[in-house]
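1. Dropping a prediction and its sequence here:
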Amino acid sequence: MEKRDELYAGKAKSVYRTDDPDRLILHFRDDTSAFDGKKKEALARKGMVNNKFNAFIMGKLQAAGIPTHFDGLLSDTECVVKKLDMIPVECVVRNLAAGGLVRRLGVEEGMTLTPPTFELFLKNDEKGDPMINESLAETFGWATPEQLARMKELTFKVNEVLKQLFLDGGMLLVDYKLEFGVFKGEIVLGDEFSPDGCRLWDEMTREKLDKDRFRQGLGGVIEAYEEVGRRIGIAFD
Ligand code: ATP
Ligand code: TYD
């Protein structure tokens, strides 16, 4: 596989074309951002940790029958993926109340959500990723009702697989964000799953082991990501 020109540089990853028009290379950088890019920092080892973390999770999801874009690791910080036509809608499932939900509704952080909630956000940094709904997505052409139904089904299927995986490692999967795209007519899970796009708490102490450590300036960000990985069986070196 030959790496060609850069297609896009996001806040945390750079995307490269390859000699195969259907494949891209994702380069996980050390750059970390929060609050729609307003807080930024480079954290040593983060690119490597998230690349390997994502590869492990995508493998688990693929094995559970969830179609993903992931093809394989290319290096410590790069992987090969199918080139998707990305749908600009982020799917969020919450098992416990935290973050935006607590701010919006004033509910208590940590309350169990039964059943888990499902929310949609428009992927648009300038507008601060506003919350949307299925009606708006259809009207403005961001996704069809059929695509949204499939995205919701897959997002909840991911919850069943990952809630148990993290629980086996003594952690609670509080919430997470997924992005999907279309590959040859099929809805496929894209982007990444790592502690950057989810919340994970220690089951007993409820210590935060995810990107909230960065958002809240708690320190030990990458150490926490590695601890999560170690608990679910990922070897980082
Ligand atoms: P955010 O942090 O809100 O996800 P970003 O664009 O800054 O936004 P990065 O992770 O830095 O995020 O950039 C990666 C980009 O690559 C994202 O725009 C993502 O939607 C896109 N992407 C991920 N997987 C694929 C894929 N398989 N095909 C095409 N584009 C993809
Ligand atoms: P949420 O609580 O709505 O937002 P915030 O991070 O501002 O408190 O986010 C729910 C989960 O989804 C959380 O684990 C972060 C993740 N997420 C992203 O990674 N990117 C996004 O653009 C959105 C909307 C959520």
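-> Yep, it's here. Ligands and ions are numbered 1, 2, ... in the order given.

2. for the chain, what spans make up the strands?
-> Ranges of strands in the chain, per DSSP state E, are 3-9, 13-18, 23-28, 31-34, 39-42, 70-75, 78-82, 85-96, 112-122, 131-132, 171-183, 186-189, 198-202.

3. Of all these, which one comes closest to Val221?
-> strand 31-34 (7.3 Å; CB to CB). Backbone N, C-alpha and C define where each C-beta goes, glycine included.

4. is the closest one anywhere near ligand 1?
-> No - against ligand 1, strand 31-34 shows no contacts by CB under 6 Å from any ligand atom, the least distance being 6.9 Å.

5. What strands flank that strand, and is each parallel or antiparallel?
-> strand 39-42 (antiparallel) (DSSP bridges).

6. distance of the residue nearest the centre of the chain from Gly65?
-> Computing the C-alpha centroid of the chain and ranking residues by CA atoms, centre = their mean puts Phe193 first, at 3.6 Å. Note on Phe193: its distance to Gly65, by CB to CB, to the nearest Å, is 16 Å.

7. can you tell which of the strands of the chain is closest to Lys211?
-> Using CB to CB, the strands of the chain put strand 31-34 closest to Lys211, at 6.7 Å.

8. quick one: average pLDDT of the closest one?
-> Strand 31-34 comes out with an average pLDDT of 96.

9. swap in stretch 80-96?
-> 98.

10. Is there contact, residue-wise, from that stretch to ligand 1?
-> Yes - applying CB under 6 Å from any ligand atom, one finds stretch 80-96 touching ligand 1 at Val81, Lys82, Lys83, Leu84, Met86.

11. Filter those down to just the buried residues.
-> Val81, Lys82, Lys83, Leu84 (16 or more other CB atoms under 10 Å).
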